[in-house]
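Student: Build the 3D model from these lines:
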Amino acid sequence: MEPRQTRAEWDRKKGAGNRRLMKRLVDNGKRPPGLLAYVDGEPVGWISIEPREVFTKLSRSRVLAPVDDKPVWSIVCFFVRRDHRNRGLSVALIESAVEYAREQGARLVEGYPVEPKKQPMPAVFAYTGIAAAYRRARFREVARRSDTRPIMRRALRRNG
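Tutor: Predicted coordinates for the structure are as follows:
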């Protein structure tokens, strides 16, 4: 929920309030706020993807400000359950998010991963994804306003 709000809104609704907001987004049936990954019928991962304008925090960020005026879909966060990490699930989630965005008519998908200076990076700091996973999913860097935060983009072809 954090990328959809101002810092003050996020702090004010921290915990249960933000969980209720997310549940409302899921329940409203208009468009899912992201995708879940399942292994053997059990949820083990999450990726948040929607049109960039949904994530108001991005427009207020100097580091993640828009690169141009082209409409893009944005991947803003991930979660992979600890016992399923380091198995390629992040790349699979990115690929699934790209395909979902394509089905919704997107022509460009962006991600805002971290480029760790030290390996391994603590998982708590990798919630936006790791640049290497985006590269494996055929994204390319289009801007970098911070040593550790590239803006990566993938152009999509229409199906059919």
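Student: Every contact and neighbour count from this point should use C-alpha atoms.
Tutor: Will do.
Student: so who does Arg145 touch?
Tutor: In this structure, Arg145 makes contact with 62-64, judged by Cα atoms under 8 Å, 6 or more residues apart in numbering.
Student: and Gly111, how many residues sit next to it?
Tutor: Neighbourhood size, Gly111 [other Cα atoms under 10 Å]: 28.
Student: was I right about it contacting Pro66?
Tutor: No - Gly111 is beyond contact range of Pro66, at 11.6 Å (criterion: Cα atoms under 8 Å).
Student: returning to that earlier point: by neighbour count, which of the contacts of Arg145 wins?
Tutor: Leu64 (19 neighbours).
Student: Need the three-state assignment for that residue.
Tutor: Taken by DSSP: H, G, I helix; E, B strand; the rest coil, the conformation at Leu64 corresponds to coil.
Student: so what's it closest to, chain neighbours aside?
Tutor: Leu58 (5.7 Å; Cα to Cα, 6 or more residues apart in numbering).
Student: any idea what the one you found is structurally, helix, strand or coil?
Tutor: Three-state call for Leu58 (three-state DSSP): helix.
Student: Repeat that for Asn86.
Tutor: Assignment for Asn86 (three-state DSSP): coil.
Student: hey, which strand is longest across this structure?
Tutor: Ranked by residue count, the top strand of the chain under DSSP state E comes out as strand 42-51.
Student: which outside residues touch that strand?
Tutor: 33-38, 71-81, 84, 89, 93-94, 97, 101.
Student: and the longest helix belonging to the chain, which residues are buried?
Tutor: The helix spanning the most residues in the chain, taking DSSP state H as the definition, is helix 89-103. By 16 or more other Cα atoms under 10 Å, the buried positions in helix 89-103 come out as 89-91, 93-102.
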